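Colleague: Sequence and predicted structure are below.
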Amino acid sequence: MGEKRGAPRRKKRIVVDFETTQAKTTGFTHDLSRTGLFIRTIRIPRIGKILRAMLHLPDGSHIPIEGTVVRSFRAPSMLRTVLPAGFALKVSPQASPDYDTFAETL
């Protein structure tokens with residue numbers, strides 16, 4: 001089966017803060033592209049939720065992003081070390097212009 005993504009993804013681990021209905025949460029990116037990212041976390045928001053998040057870049061800068069949760073995956077507890085549990089966030093370019101600039105540098 002062929003790749004469905006329109007933009008190539010790059011593996012990169014970046015700290016991400018976001019808020020669900022449960023609590024403020026910190027996760028890590030698993031991979032990212034110009035159009036979205038996969039965030040590893042145990043607190044997974046529902047599909048369709050519009051979410052605001054903050055990327056904490058290694059150089060100390062921060063990039064606010066906003067997007068829609070488009071996919072989620074809960075790995076079985078025995079496989080969490082090898083399968084990334086979390087969710088995919090489709091980033092809104094209008095709400096996240098700094099993210100688009102950052103993603104172009106990957």
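Modeller: The structure has been received and is ready for your questions.
Colleague: Can you pull the poorly scored residue ranges out of this protein?
Modeller: Counting by pLDDT under 70, the ranges of the chain that qualify are 1-6.
Colleague: would you list every one of the helices in this structure?
Modeller: Taking DSSP state H as the test, the helices found in the chain are 97-104.
Colleague: what about the longest strand in it?
Modeller: Longest strand in the chain, counting residues (DSSP state E): strand 62-73.
Colleague: and it, which strands flank it?
Modeller: If you go by DSSP bridges, strand 62-73 pairs up with strand 50-56 (antiparallel), strand 86-91 (antiparallel).
Colleague: Give me the buried positions along the last one.
Modeller: Neighbour-count burial for strand 86-91, with 16 or more other C-beta atoms under 10 Å as criterion, is recorded at G86, F87, A88, L89, V91. (Glycine included, C-beta is placed from N, CA and C.)
Colleague: T26 and G48, how far apart?
Modeller: Applying C-beta to C-beta, to the nearest Å, the value for T26 to G48 is 23 Å.
Colleague: actually R40, not the one I typed
Modeller: Applying C-beta to C-beta to R40 and G48 gives a distance of 20 Å.
Colleague: again with V15
Modeller: Noted for V15: a distance of 25 Å to G48, by C-beta to C-beta.
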